[in-house]
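curious how this folds, go ahead:
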Amino acid sequence: MNKTLNRPIRVLVAKVGLDGHDRGAKVIATSLRDAGMEVIYTGLRQTPEMVVNTALQEDVDAIGVSILSGAHMTVFPKIINIMKEKQLTDVLLTGGGIIPDADIKKLQDMGVGGLFPPGTPMANIVEYITNWVTENRNF
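Below you'll find the model as predicted:
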């Protein structure tokens with residue numbers, strides 16, 4: 001069944017913690033915007049609580065976390081837990097950065113969606129978010 005949305009997909013792009021490298025996040029944000037999505041970029045040094053609160057306020061379909069600091073096994077579980085506490089269970093949590101394959105599997109088992117390493121073609125990320133949102137948030 002071919003579903004389509006009658007509205008733009010809303011994505012929050014976030015940088016969490018002390019990771020000050022945001023060039024990749026800005027490239028992702030621009031590419032998602034160019035693909036027709038509405039993008040909210042949090043800027044640097046956000047806490048997991050700030051990210052989830054912004055996602056609630058902005059009524060986003062997806063949260064994309066860019067992480068290069070090695071703190072992915074702390075950041076993603078915290079965000080997932082806060083999302084569950086705030087009943088934000090119908091929003092995709094995805095992201096990318098430097099994350100070992102074994103950790104990607106563990107994070108996905110916790111409920112994190114697709115995670116994309118550096119060099120992933122932007123079309124793959126756009127397609128993944130678009131497909132997830134049309135299947136899970138078509139309202």
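
give me the low-pLDDT residue ranges for this structure?
Counting by pLDDT under 70, the chain shows low-confidence ranges at 1-3, 139.

quick one, helices of it?
Secondary structure of the chain (DSSP state H): helices at 23-34, 48-58, 72-85, 101-110, 122-136.

which one of these lies nearest to Thr94?
In terms of Cβ to Cβ, the element of those nearest to Thr94 is helix 122-136, at 6.8 Å. Where you see a C-beta, it was placed from the backbone N, CA and C, and this is true even at glycine.

what is the orientation angle of the closest one with helix 23-34?
Angle, helix 122-136 to helix 23-34, by axes from the mean of the first three to the mean of the last three Cα atoms, to 10 degrees: 60 degrees.

distance check, the residue nearest the centre of the chain against Asn6.
Central residue of the chain (Cα atoms, centre = their mean): Gly64, 1.6 Å from the mean position. Here the distance between Gly64 and Asn6 works out to 22 Å (Cβ to Cβ, to the nearest Å).

residues contacting the residue nearest to the centre of the chain?
Residues near Gly64 by Cβ atoms under 8 Å, 6 or more residues apart in numbering: 11-14, 28, 32, 94-96, 129.

can you check Lys106 too?
Shown in contact with Lys106 (Cβ under 8 Å, 6+ apart): Met73.
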